[in-house]
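Undergrad: quick one, structure for this:
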Amino acid sequence: MQLTEEHRLFRDTVRGVVQREIDAHADDWERDGDFPAHELFGRFGELGLLGIEYDPAYGGGGADHSFTMIFGEEIGRSASLGVSMALSVQTDMATPALHRFGSAELKERYLRPAISGEHVAAIGVSEPDAGSDVAGLRTRAVRDGDEWVINGSKLWITNGTQADWVCLLCRTSDEGGYRGMSQVIVPTDVDGFAVSRKLDKLGMRASDTAELTFDDVRVPVANTIGEVGRGFQQQMAQFQNERMIAAYQMVGATELALERTVQYLKERPAFGAPLIANQSLQFDLADLAADLDLVRHHNWAAVDAALQGEDITRQATVAKLKSARLARRMADLAVQFHGGMGYVEDNWPARFFRDTRLWSIGGGADEVMLRTLARMNDIVGD
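TA: Now for the predicted structure:
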């Protein structure tokens, strides 16, 4: 993929806003376990960073997917991966289906303010008993005239305590499995909606993650995204956006962690020489740098395929799996090579270690990615 001067200028813009608007406040937000989503998203929205590929008719940038890749890499370099994840929920997890399949009225009411940062969005798929197994979800919407009456609960919902609306995947018929689901926009100010609890997590601590309940929540049937009964298929398409933005972030995060670790080893003396003089450390980091190149170029190939209108399900699956595992490996090396300094919360490796662990779980666990690839390669049992 050929990057242009426009791409480089865009990268500089995103890197600058990340440093000013996230890095400068990350320690406070991590300590408090929260961040001001409306305020931060408003600033990103002013710069046109929340709807990079979306239709300009609704405030989007109308750019191509290569700019989303750059955006993902740069927010991955932030000092708070929790905030980066919250941003990517807004841009690539809760809104793609609305942009692709939603009515003009829905886009005007919900997509436009999400692009501007006025609204914070969340995606409601996982449930207490249905995470990776999306076909097992139970939250149900029953039609009553021109309204859906929704009952159920959702778990692991990023932005859940601050969201203005949720892109909810729910059952709208008695068909089992993946059939009979729909995506419905649910505003969080309606009667019957509640945030049951905010989760206390190992990492991503600046990002709010919640359990949501729906008790006879009523919303118009017109809030349905696309066709009734096609929600599962639409969500599967939306997952590709989610997995690619995760992969882009992990490239940026791993790249920065590698740079910082190398710099530390050059400055830290041990046994009469800088630690970087140890050839074993050099080889471990060189091997990781080589794998980072492979993942980055795989991502670029996925971008090219997306620009050609190709189905990138396989590329997104590989990218999600390998980038998450690479980031975990980088996190382990960063802590190990920093020694005791890497194990205390005063220094960045400890947070990086905790934060990167999620990427092999959220958005489709590693095992789900491997299951998908096994089926694609006909590596299945009878």
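Undergrad: every contact and neighbour count from this point should use C-alpha atoms.
TA: Will do.
Undergrad: quick one: pLDDT of the residue lying farthest from the centre of the chain?
TA: Most distant residue from the mean C-alpha position of the chain: Gly272, 44.0 Å away (C-alpha atoms, centre = their mean). Turning to Gly272, the model gives it a pLDDT of 95.
Undergrad: quick one, phi psi at it?
TA: phi 80, psi 10 (degrees, to the nearest 10).
Undergrad: count the residues that sit near Gly145.
TA: 9 (other C-alpha atoms under 10 Å).
Undergrad: check Leu212 too.
TA: A count of neighbours around Leu212, defined by other C-alpha under 10 Å, yields 23.
Undergrad: what's the answer for Phe283, then?
TA: As a burial measure, Phe283 scores 11 neighbours (other C-alpha under 10 Å).
Undergrad: against Ala290, how distant is it?
TA: 10 Å (C-alpha to C-alpha, to the nearest Å).
Undergrad: Ala104 too?
TA: Using C-alpha to C-alpha, Ala104 is found at 46 Å from Ala290.
Undergrad: His99 touches Glu105, doesn't it?
TA: No: counting by C-alpha atoms under 8 Å, His99 does not reach Glu105; the two are 11.3 Å apart.
Undergrad: quick one, which of the two is more surrounded?
TA: Neighbour tally, His99 and Glu105, criterion other C-alpha under 10 Å: the higher count belongs to His99, 23 against 11.
Undergrad: can you show me the helices along the stretch 51-200 of the chain?
TA: 65-76, 81-92, 96-101, 104-106, 112-116 (DSSP state H, counting those that start in this stretch).
Undergrad: generate TSV for those helices, with mean pLDDT and distance to Tyr343 as supplementary columns.
TA: Below are these laid out as TSV (pLDDT from 0 to 100; distance: least, C-alpha to C-alpha, whole Å):
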stretch	mean pLDDT	distance to Tyr343
helix 65-76	98	22
helix 81-92	98	18
helix 96-101	98	38
helix 104-106	98	48
helix 112-116	98	38
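Undergrad: could I get the contacting residues of Gln183?
TA: For Gln183, the contacting residues are 167-170, 224-226, 228, 230-232, 234-235, by C-alpha atoms under 8 Å, 6 or more residues apart in numbering.
Undergrad: again with Pro56
TA: Pro56 touches Gly62, counting by C-alpha under 8 Å, 6+ apart.
Undergrad: make residue 1 into 4 and carry on from there
TA: Sure, I'll start numbering at 4, so the last one becomes Pro59.
Undergrad: circling back to that earlier point, dump the helices of the stretch 54-203 of the chain to JSON lines, plus distance to Pro131.
TA: Below are the helices of the stretch 54-203 of the chain laid out as JSON lines (distance: least, C-alpha to C-alpha, whole Å):
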{"stretch": "helix 68-79", "distance to Pro131": "28"}
{"stretch": "helix 84-95", "distance to Pro131": "20"}
{"stretch": "helix 99-104", "distance to Pro131": "23"}
{"stretch": "helix 107-109", "distance to Pro131": "29"}
{"stretch": "helix 115-119", "distance to Pro131": "27"}
